[in-house]
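*Asks:* Give me coordinates for this.
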Amino acid sequence: MTLVFIRIFFIILSVIIGFQIGSFVQAGDVDYSAMGGIIGLIIALSIIVIEFTMRKVSVRGLSSAVFGLIFGLIMAKLVSDTLALIQVDETLLYSLRVVLTLVFCYLGMIVAIRGRDEFNIIVPYVKFSRQGQREEFVILDTSVIIDGRIADICNTRFLDGKFVVPRFVLKELQRIADSDDSLKRARGRRGMDILAKLQKNPNMDIKIHNEDFSDTKEVDAKIVRLAKVLGAKVFTNDYNLNKVAEIQGVKVLNVNELANALRPVVLPGETMDIRLVKEGKEYNQGVGYLEDGTMVVVDNGRRSIGQNVRVIVGSVLQTAAGRMIFGKLPEDIRRNKR
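*Replies:* Purely as a prediction, here's the structure:
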């Protein structure tokens, strides 16, 4: 509503100014005031149309272009002043100044826009903070929002800082929620519900970030770029995004790694009670699961599928997918000792 008011106010002022300028024009007995007002209206509407076409231009990209323009002007000035030290015809020198200014300004703007992610010194992105204090940003990706465990983690107050949800992540959530696939649609709506729950959490400070890297199509690549710009961490449970971010030097908080780290430590020789639910990949194996999802593989456990058995831990294997426990039945161990 504020933007609409500003646009209307701008149009009214443009018409008044055009009317005033038209009244200054003296050409016989003809009054150009009305024509000036119409021209002012046309110019104002044209500028508003241009403003609409520039809606996708980000402040960061615009500030980078201005920085490049200033750098180009400085370089053109230095080079043209150097040429002025040589005895050159004035007309030729003027032409060279114009050409150098045009070339350096163009190159400066192009280079600055292409490398805008590195321009953290530009005024809109300078982070002023007291010495010893640092504000940390955590970017949430689509998978961790849909997963939902972040809501429980944040309730424990183990995480602090400002949480950032990029606009392109929000669009991806909306696209999933509107999918024709019922499973995807349910996951997308769950993500939207989790995000609404996080926004209502008084322990969390969540902001929607409007930066959209239009030259990059993949959401994961956009998240990594935004993390590098903001100096932020990425909160995810996506294995591929985790690896890509780490390769590019971005810190990652992985929900799955946290869950694996919090699983109870089991040592060889300990006993546990577990219910075997299916056959294993190897001959005569039985498989069960702990409450946290840890897989327990029991040798010679096939005959006990569907029953609760006591298992003696033989070894523990840590994999990228989680932790696996291998054990044997007590009677098998006693039989082997005979």
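*Asks:* Please name the strands paired to the strand or helix carrying residue 165 in the sheet, noting orientation.
*Replies:* Assigned by DSSP states H and E, residue 165 falls within strand 162-166. Applying DSSP bridges, strand 162-166 is found paired with strand 137-140 (parallel), strand 205-209 (parallel).
*Asks:* outside of that strand, which residues touch it?
*Replies:* Strand 162-166 is contacted by residues 135-140, 145, 195, 198, 204-209, 211-212, 222-223, 226, 230, 232, 235 when judged by C-beta atoms under 8 Å, 6 or more residues apart in numbering. No exception for glycine: its C-beta is placed from N, CA and C like everyone else's.
*Asks:* Repeat the analysis, applying 6 Å as the threshold.
*Replies:* By C-beta atoms under 6 Å, 6 or more residues apart in numbering, the list of residues contacting strand 162-166 from outside reads 137, 138, 139, 140, 204, 205, 206, 207, 208, 209, 226.
*Asks:* in its sheet, what does the strand ranked longest in the chain sit against?
*Replies:* Counting residues, the longest strand in the chain under DSSP state E turns out to be strand 308-319. According to DSSP bridges, strand 308-319 forms sheet pairs with strand 271-279 (antiparallel), strand 322-328 (antiparallel).
*Asks:* now the helices for this structure?
*Replies:* Ranges of helices in the chain, per DSSP state H, are 2-24, 33-53, 59-84, 90-114, 142-147, 149-155, 167-177, 182-200, 219-230, 239-247, 255-261, 330-337.
*Asks:* what packs against the first one?
*Replies:* Pointing back at helix 2-24 there. helix 33-53 (3 or more C-beta pairs under 6 Å, 6 or more residues apart in numbering; DSSP states H and E).
*Asks:* Pull out the buried residues from the helix it packs on.
*Replies:* 36, 37, 39, 40, 41, 44 (16 or more other C-beta atoms under 10 Å).
*Asks:* Remind me what that helix packs against, helices and strands.
*Replies:* helix 2-24.
*Asks:* how big is the angle separating the helix it packs on from helix 33-53?
*Replies:* Counting by axes from the mean of the first three to the mean of the last three C-alpha atoms, to 10 degrees, helix 2-24 points 150 degrees away from the direction of helix 33-53.
*Asks:* Show me what helix 2-24 is in contact with.
*Replies:* Under C-beta under 6 Å, 6+ apart, the answer for helix 2-24 is 32, 33, 35, 36, 37, 39, 40, 41, 44, 48.
*Asks:* Over to stretch 276-292?
*Replies:* 263, 274, 275, 295, 296, 297, 298, 300, 301, 302, 304, 305.
*Asks:* That one: which residues count as buried?
*Replies:* In stretch 276-292, counting by 16+ other C-beta under 10 Å, buried: 276, 280, 285, 286, 287, 288.
*Asks:* cool, stretch 224-234 as well?
*Replies:* Buried-residue list, stretch 224-234, by 16+ other C-beta under 10 Å: 224, 225, 226, 227, 228, 229, 230, 232, 233, 234.
*Asks:* which residues sit in contact with the most centrally placed residue in the chain?
*Replies:* For the chain, residue 223 is the residue whose C-alpha lies nearest the centre (C-alpha atoms, centre = their mean; 3.2 Å). By C-beta under 6 Å, 6+ apart, the contact set of residue 223 is 139, 141, 234.
*Asks:* between those, which is closest to residue 250?
*Replies:* Comparing the contacts of residue 223 against residue 250 with C-beta to C-beta picks out residue 234 as the nearest, at 5.8 Å.
*Asks:* how near is the closest one to residue 97?
*Replies:* 48 Å (C-beta to C-beta, to the nearest Å).
*Asks:* And for residue 38?
*Replies:* Distance of residue 38 to residue 97, computed by C-beta to C-beta: 39 Å.
*Asks:* Provide a list of residues in contact with residue 225.
*Replies:* Contacts of residue 225 by C-beta under 6 Å, 6+ apart are residue 213.
*Asks:* Among the strands paired with strand 308-319, which comes closest to residue 86?
*Replies:* The closest of these to residue 86 is strand 322-328. By C-beta to C-beta, the value is 73.0 Å.
*Asks:* Now do the buried residues in the longest strand of the chain.
*Replies:* Using 16+ other C-beta under 10 Å as the test for burial, strand 308-319 gives 309, 311, 312, 313, 316.
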